[in-house]
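Visitor: After the sequence you'll find the predicted model.
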Amino acid sequence: MSKRELIDIQTPNKDILTSFVYAWSRQKEMSLIEQRVVLRIIERASNAINGIKLKDNMRKLDVGLRNVTITMPVQDVMLNTKRRHADIEKALYNLRSRTFEYRENGRYTVCGFINNATYTYGSGEIKVEVDNKIWEVLLDFTSGYHRFELNKALALPTTYSLQFYMAMSGQNKPRHMTIEQLKDWLAIPQDSYKTDGKDRIDHLEARVLKPVKKVLDELCPFSFTYEKVRQNPINKKSPVVGFILRSQYLPKNRDPELEKKSLLAMVPAGFHDPEAINYMKTRMGITLLELNPHKDLLDKASRVLPDFIGVLARIQGHRRKRNGEVMGTGWVIKCIKNEVAKVENEKAEPTLFQSDGTEQPSEPAIQEMTVEQTDETPSEPIAAAPPRQEDEEERQKAMKRAMESLSKKLAAHLDMNRK
């Protein structure tokens, strides 16, 4: 599987949603064309909720009792594959014959993906009638939802890889699954990957887990890691009885335009510096939930501080203590407050110059944190450990920008004195 295949997808890339219920339901192996038809159905269901605030609608959305008819261009599902009538007919026939099953609230439900399909030769269009039950499942956000890139999903070569991609996208908590549950989710017969009645974990890894992970690592912004769960955790030779699946975010595979759009949508109201938000989120490990109560301060800092990113880099460089402990969000916010106060005081008071004409240095606000106590500040002064290489580079850049700013101020002051 190569990234080159993504070039042949002509439709615009977008983030789409599917429900937690659908992503973790049992899915049987499909052909590529069937899989893409289902993805286009998910896309239309996702379009139906545009403008709805999901955090206020974590429930089943009312879709009525009717089935939904969708018309889509053939090229949307064939992509770079040569169009042949027989392939399209076979895919629609098989999809019409497939069943979808799920369990919810003590109830088992089975239905078809589509009730009927029509492909008119020469029209370049496919028309499918989607079963109301499927539409209902796709919009059932009672347990949550997963957001993923459409074009990345369309490029995936197997149902297994699509299932893992949808389920791991934005999955915050580890997923514990027994071997039986994993096989059931992937619709793998329970007697597969066994020898003499015993599970062959090496076969399951070699033919399912490792190939899927390799594809997601190459193509998708979300992949996964897995940990084996043994019957006796302290005995490494004990039989493996399950897995712990953990979502793995790979920003290198993220569509930059979609990421920018997503960040802008998440920036707190009134805050106009998404780059600072992104820095605090990706480099400092601070969540938007933690930042939201301080949006007024952050907005003020972005307006008052000439180089907000540089200030954040210096703060990040001082966060790690010698014992490896990293100071928390409260400490970072306190540092930002001090930096803002320092700049405001400098504007309110005349700048003092030494006899040689240089600006009188002042102690950086970050260092004041070693004296002023907060809930997250220890009683003794903080002795910062040597910063990591990337933090040191950011600090060097910040210092360079600060020196350039100081030089400009000094030049302006000397010019004023000459006049």
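Guide: In hand now; what should we look at? Numbers count the residues shown, from 1 in each chain.

Visitor: shaky segments in the stretch 201-350 of the chain?
Guide: 263-272, 289, 348-350 (pLDDT under 70).

Visitor: Please enumerate the strands of it.
Guide: Assigned by DSSP state E, counting those that start in this stretch, the strands in the stretch 201-350 of the chain fall at 222-230, 240-249.

Visitor: TSV for these, including distance to Arg175?
Guide: Glycine gets a C-beta too; all of them are placed from N, C-alpha and C. Below are those laid out as TSV (distance: least, CB to CB, whole Å):
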stretch	distance to Arg175
strand 222-230	9
strand 240-249	4
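
Visitor: how about JSON lines for the ones you listed, with distance to Met30 and mean neighbour count added?
Guide: As requested, these are exported to JSON lines (distance: least, CB to CB, whole Å; neighbours: other CB atoms under 10 Å):
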{"stretch": "strand 222-230", "distance to Met30": "21", "mean neighbour count": "17"}
{"stretch": "strand 240-249", "distance to Met30": "22", "mean neighbour count": "17"}
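
Visitor: These: which one's closest to Pro306?
Guide: strand 240-249 (32.0 Å; CB to CB).

Visitor: can you give me the helices for the stretch 151-300 of the chain?
Guide: 159-168, 179-185, 201-204, 210-219, 256-266, 274-282, 288-291, 295-304 (DSSP state H, counting those that start in this stretch).

Visitor: thinking again about what came up before, of all the strands of the stretch 201-350 of the chain, which one comes closest to Gly124?
Guide: Between the strands of the stretch 201-350 of the chain, strand 222-230 lies closest to Gly124; by CB to CB that is 32.9 Å.

Visitor: so how far is that closest one from its chain's centroid?
Guide: Its chain's C-alpha centre and that of strand 222-230 lie 18 Å apart, by CA atoms, centre = their mean, to the nearest Å.

Visitor: Could you do stretch 25-39 as well?
Guide: The answer for stretch 25-39 is 23 Å, by CA atoms, centre = their mean.

Visitor: repeat for stretch 85-104
Guide: 30 Å.

Visitor: quick one: contacts of stretch 177-196?
Guide: With contact meaning CB atoms under 8 Å, 6 or more residues apart in numbering, stretch 177-196 is reached by 24-29, 160, 163, 199-201, 203-204, 207-208, 240-245.

Visitor: Please check those and keep the buried ones.
Guide: For these, a burial check counting by 16 or more other CB atoms under 10 Å picks out Trp24, Ser25, Gln27, Tyr160, Gln163, Asp199, Ile201, Leu204, Val208, Gly242, Phe243, Leu245.

Visitor: What's the local residue count around the closest residue to the fourth one other than its chain neighbours?
Guide: Using CB to CB, 6 or more residues apart in numbering and skipping residues adjacent in sequence, the residue nearest Tyr160 is Val212, 5.1 Å away. By the measure other CB atoms under 10 Å, the count of residues near Val212 is 22.

Visitor: Does Thr11 fall in a helix, a strand, or a coil region?
Guide: coil (DSSP: H, G, I helix; E, B strand; the rest coil).

Visitor: hang on, it packs against Val77?
Guide: No. In this structure, Thr11 is not within contact of Val77 by CB atoms under 8 Å, at 10.4 Å.

Visitor: Which of these two has more residues huddled nearby?
Guide: Of the pair Thr11 and Val77, Val77 is the one with more neighbours under other CB under 10 Å, namely 23 against 14.

Visitor: could you redo the helices of the stretch 151-300 of the chain as CSV and give each row distance to Arg107?
Guide: Below are those laid out as CSV (distance: least, CB to CB, whole Å):
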stretch, distance to Arg107
helix 159-168, 22
helix 179-185, 17
helix 201-204, 30
helix 210-219, 30
helix 256-266, 35
helix 274-282, 40
helix 288-291, 34
helix 295-304, 43
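
Visitor: Quick check: which of the ones you listed is buried the most?
Guide: Comparing those by mean neighbour count (mean count of other CB atoms under 10 Å), helix 159-168 ranks first with a mean of 24.

Visitor: average pLDDT across that one?
Guide: Averaged across helix 159-168, pLDDT comes to 96.

Visitor: Give me the contacts around that helix.
Guide: Outside helix 159-168, the residues that reach it (CB under 8 Å, 6+ apart) are 18, 22-24, 27-30, 35, 39, 146, 148, 152-153, 156, 175, 185-186, 208, 211-213, 215-216, 220, 222-224, 245, 247-248.

Visitor: related to what we said a few turns ago, wait, what's in contact with the residue nearest to Tyr160?
Guide: Thr158, Tyr160, Ser161, Phe164.
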